[in-house]
Structure formats: structure tokens, C-alpha cells
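Colleague: show me how the following folds:
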Amino acid sequence: MPTPFGDVYSTNITPDLETGIGRYSADEFVRAVQKGIRRDGADLYPAMPYDSFAAMSREDVLAIRAYLLAQPPISQPRPRNILPFPFNQRWTVALWKLANLQTGSFTPDRSRTAAWNRGAYLVEVLGHCGACHTPRNATFGMDEDHKLAGGTAGIWHAFNITSDKIAGVGGWSNEELSRFLKTGAVPGKAYAGGPMAETVMNSLQHLSDDDIQAIVAYLRDVPTQPGDEKQPRFSWGNAAAAAADGDAGTEGMTQGSGTATGDDLYRSLCSTCHGANGGGSPDGYYPSLTRNSTPGAATPEDVVMTILEGVKAGEVAGRQSMAAFGGWLDDGQVAALANYVTARFGNPDLSVTAADVRQMRAGTTTSQTIMILAAQSLVAGAAVLMLGLLLLLARRLRRGATSARLMFAHRDRR
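Modeller: Numbering: from 1, shown residues only. Below you'll find the model as predicted:
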């Protein structure tokens, strides 16, 4: 699990007795899911979203346990997490929990419909949508004042899914939202990539139509949150205009800033599927790059990550997966291609450099690096303060003990 702090490896949850969950009792399993506490009493890192699962009913947690225990046991130890100090110290998780973990089961709102409450439970608890789509606060917990206003999943940007008509999904119909959740593709609006494509492939496509509609009903009622977008993400680009443009505007530009090199790369690597004009294929098998939320976003991370990692669509609803080019292209070429795609088919205000791509390959961005350094300084400062207080307390205790010894010695001499 890539996080701004480093890589956290998920654990083996097959019934294997030594490396899996085979020795977990029912109560121990419930405690792990709802409170993030391992069988040995250690805190789990919140890459496992127990801050959402805390509200899951015990019955649902035990249903998950029953399913997992029915799977074949596999012996596979978990690799060591790759985290810098002090985040490699599990005691820091206890501080995070104090600031962010709220316990208590989900309570239906009796003034709402059954569908709304089902949607709330799916979005807020089982689906833990906020883990990606809600921004993080200063303590790296979910910022509930900006619920579902857009966040991150590793480097990938998870979009605003409130009903704001510019920054969110207010310009989508209910049918379009349902279709996206079920298939990850709505021509003229968006195509799921990165973690969202995998969520559709592995999870959402299997939900019942009633559950999908319940999610939509709940999302429609979440308070709208504005963003930095000038216009809806899906409104950028026009395939006919892109075709008429041809190569206009690309001459003389330098690599990494929307260049002729990007044009060459697009023609050789992308145009066969997406078309010279970015319009994709008529049947939607290959997505259009115009009127597409990814190149039309306010930030370039998803375009860069799509080039680096491709798209795992799993042939859901006839969608084609896309190859990853991260191993073929250097940082400058990725930047050039990303800038060409956004300038010609999407938001022309976006721009990335080879240095930006290098950071993304390493699993971070400039803003995340700044946040991590600030958090490290905060934790280190708190540790120094605590150490200073302990030393001061110890010094006073020693002085008190010395004074007491002198007093008793003086009394004995008398």
C-alpha cells in the first residue's frame, strides 16, 4: 500500500496458522477490523482503513471472517514495511488513533429512507470511500469538514464526488453515476484508472443494482464542496477541434513542456488506440481523451500515473486495459507525453517536469514531501519536549531526594 509515509505491506488474511489469521478468535478478528489492533496487541497502521470499518456491525465483520476462513490457507510472511523514522515506530499509531479514531457502530438516520441509509453504510463504512476521496487534515486523518471533496490514493488523485457542479459530480445524471460505479466508464464524462479501476473491477461491479442506486442516493445528499477547477473536468477538449488543430502549437516547444517530442510519442504509442484526434474508438473499447475527467482535471498526477502504470480494467463491460509505459520511457519523455495530452485534449493549464515525474515514480509529490517533513518535525519536536520534561522531572526528583537525605542527616546529628 503506497502511502505518503512509505510502503506498508498488507498482511496475509488466509486461514494459515503461522502467517495468516488462522489463530484469530472471533473477538480478536473483530478488534482488528474495528479498532486496528493485532492479535498480539500491536496497533495496525491505518493503511488498513479501520477508521471507516470502526462503524461496521459485528455481524458483517464476522461474515467477512467466515468467508476468509473458508479460503485455502497460504503460507506467506508479510515483507517488512518501508517507513522512515519516526513512522516506523508503532507507538506513533497510538497518537494517530487518539486524534482520529472514533468508535461506535453505524446508526441509521430514521428521518431518511432505507436506500439513503444503505448508501451511507456502503459509502462511509464498507466501501470506505472517504479513505481516498476525502482530504487529510494536519494529523493525516480524514477531514470531515470537507467530506468527499477529493483526496489521494498514493500518488493518484481521487476526485471530488460531492454534487458540486464544477468540482464534483453535480453535472452527472444518476444513470451516469450508476454506470460509472458499475463499469468504470461513462463516455463524455470519465474513465476509471488506477485504484478506482481496480475498485470497479474487484468490487463495485459485483454490487446489486439496488446497492449501486443506494450509493448514488447518498452521494447526491452529501454537502457540496467547491474545488480549484475553472470548469467541469469532463468539459475540456473536443475531438473535432483536436483533429483540426493537427500539430498547431507544438512547434518549437521544448521537451517536458508540451512539445514536439510529446507529439512524436503520442503518435507512436497512443494514437493507434486513442486515435490521432484523441477520440478513441466508436464503440468505447478505447477511451476518448477529450471530454475525459483525467486529462481535464486540475492536477496532472492521474495523467502521469496512467502513463507510468497503465490501467487495469479487467475487461469490465468491454473496457480494454492499457499497458504501462513507465519501464519504456524516461522521466523527460513521460513529462513530454503528459503535457502533450493535457494541452491538446484536456486542461491546457496543467504542466509537469521531468523532476515531478521522478518524484511520482519514487512514490511522492512535492506537497506530500512537505507534509511528511512537517509531520516528522512535529513528532520529533514532541519527542524532544517529552524527553525534556522527563529530564526536568527526574532532576527535580533527585533534588528532592538529596534535600530529604540532608534533612534526615541533619536531624540525626542533632
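Colleague: what's the first-to-last distance across stretch 299-317?
Modeller: Stretch 299-317 has an end-to-end distance of 28 Å (criterion: Cα to Cα, to the nearest Å).
Colleague: and if you look at stretch 269-281?
Modeller: Note: stretch 269-281 ends 16 Å apart using Cα to Cα.
Colleague: ok, stretch 8-22 next?
Modeller: Per Cα to Cα, the first residue of stretch 8-22 is 22 Å away from its last.
Colleague: element containing residue 288?
Modeller: Residue 288 is located outside every helix and strand, with elements delineated by DSSP states H and E.
Colleague: how far away is the closest residue to it other than its chain neighbours from residue 35?
Modeller: Spatial nearest neighbour of residue 288, excluding adjacent residues (Cβ to Cβ, 6 or more residues apart in numbering): residue 280 at 3.8 Å. Bear in mind the C-beta positions are built from the backbone N, C-alpha and C, glycine included. Separation of residue 280 from residue 35 (Cβ to Cβ, to the nearest Å): 46 Å.
Colleague: also residue 87?
Modeller: 20 Å.
Colleague: same question, residue 334
Modeller: On the measure of Cβ to Cβ, residue 334 and residue 35 end up 41 Å apart.
Colleague: and the two? Which one has more around it.
Modeller: Set residue 334 next to residue 35 and count neighbours by other Cβ atoms under 10 Å: residue 334 wins out with 28 against 16.
Colleague: ok, then the element right after the strand or helix carrying that one?
Modeller: Taking DSSP H and E as the criterion, residue 334 maps to helix 331-345. Per DSSP H and E, helix 331-345 leads on to helix 354-361 as the next helix or strand towards the C-terminus.
Colleague: mind listing what's buried along that next one?
Modeller: By neighbour count on 16 or more other Cβ atoms under 10 Å, the buried set for helix 354-361 is 354, 356-357, 359-361.
Colleague: and of these, the nearest to residue 222?
Modeller: Set against residue 222, the nearest of the buried residues of helix 354-361 by Cβ to Cβ is residue 360 (29.4 Å).
Colleague: pretty sure the residue nearest to residue 288 sits against residue 274.
Modeller: Yes: using Cβ atoms under 8 Å, residue 280 is in contact with residue 274, at 5.5 Å.
Colleague: where do the contact lists of those two overlap?
Modeller: 286-289 (Cβ atoms under 8 Å, 6 or more residues apart in numbering).
Colleague: need those residues in CSV (columns: neighbour count, pLDDT and distance to residue 310).
Modeller: What follows is the shared contacts of residue 280 and residue 274, written out as CSV (neighbours: other Cβ atoms under 10 Å; pLDDT from 0 to 100; distance: Cβ to Cβ, whole Å):
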residue, neighbour count, pLDDT, distance to residue 310
286, 19, 89, 13
287, 25, 92, 13
288, 22, 94, 17
289, 28, 96, 15
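Colleague: make JSON lines from those and add distance to residue 130 to it.
Modeller: Shown next, in JSON lines, are those (distance: Cβ to Cβ, whole Å):
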{"residue": "286", "distance to residue 130": "32"}
{"residue": "287", "distance to residue 130": "27"}
{"residue": "288", "distance to residue 130": "30"}
{"residue": "289", "distance to residue 130": "29"}
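Colleague: need the pLDDT of residue 261.
Modeller: Reported pLDDT at residue 261 in the predicted model: 86.
Colleague: could you pull out the strands for the protein?
Modeller: Using DSSP state E, the strands of the chain run over residues 2-3, 6-7, 151-153, 156-158, 185-186, 190-191.
Colleague: show me what contacts the residue nearest in space to the middle of the chain?
Modeller: In the chain, the centroid-proximal residue (Cα atoms, centre = their mean) is residue 153; its distance is 1.8 Å. Shown in contact with residue 153 (Cβ under 8 Å, 6+ apart): 132, 194-196.
Colleague: in helices, which of these fall?
Modeller: Those of these mapping onto helices are 132, 194-196, per DSSP state H.
Colleague: of those residues, select the buried ones using a ChimeraX command.
Modeller: Listed next is the ChimeraX selection for buried residues among these, using 16+ other Cβ under 10 Å:
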select :132,194,195,196
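Colleague: what is the nearest of the ones in helices among the contacts of residue 153 to residue 204?
Modeller: The nearest one, if we look at those relative to residue 204 and count by Cβ to Cβ, is residue 196, at 9.1 Å.
Colleague: does the closest one touch residue 184 like I think?
Modeller: Yes: look at residue 196 against residue 184 with Cβ under 8 Å: they come within range, at 6.9 Å.
Colleague: what about the stretch 101-250 of the chain, any weak spots by pLDDT?
Modeller: 238-250 (pLDDT under 70).
Colleague: helices of the stretch 1-150 of the chain, start to end?
Modeller: Per DSSP state H, counting those that start in this stretch, the stretch 1-150 of the chain carries helices over the ranges 26-35, 50-53, 58-69, 91-100, 114-121, 130-133.
Colleague: so the nearest residue to residue 342 once chain neighbours are set aside versus residue 154, what's the distance?
Modeller: Closest residue in space to residue 342, ignoring its immediate chain neighbours: residue 350 at 4.2 Å, by Cβ to Cβ, 6+ apart. With distances taken as Cβ to Cβ, residue 350 is found 19 Å from residue 154.
Colleague: repeat for residue 270
Modeller: From residue 270 to residue 154 the distance is 23 Å (Cβ to Cβ).
Colleague: from one end of stretch 80-97 to the other, what's the distance?
Modeller: 22 Å.
Colleague: hmm, back to that, deepest of the strands of the chain, which one?
Modeller: Mean neighbour count (mean count of other Cβ atoms under 10 Å) peaks for strand 190-191 among the strands of the chain, with a mean of 25.
Colleague: note down every partner strand of it and its orientation.
Modeller: Applying DSSP bridges, strand 190-191 is found paired with strand 185-186 (antiparallel).
Colleague: which outside residues touch the strand it pairs with?
Modeller: So strand 185-186 is contacted by 172, 176, 179-180, 191-192, 284, 287, 317, 319 (Cβ under 8 Å, 6+ apart).
Colleague: right, I'll call it a day here.
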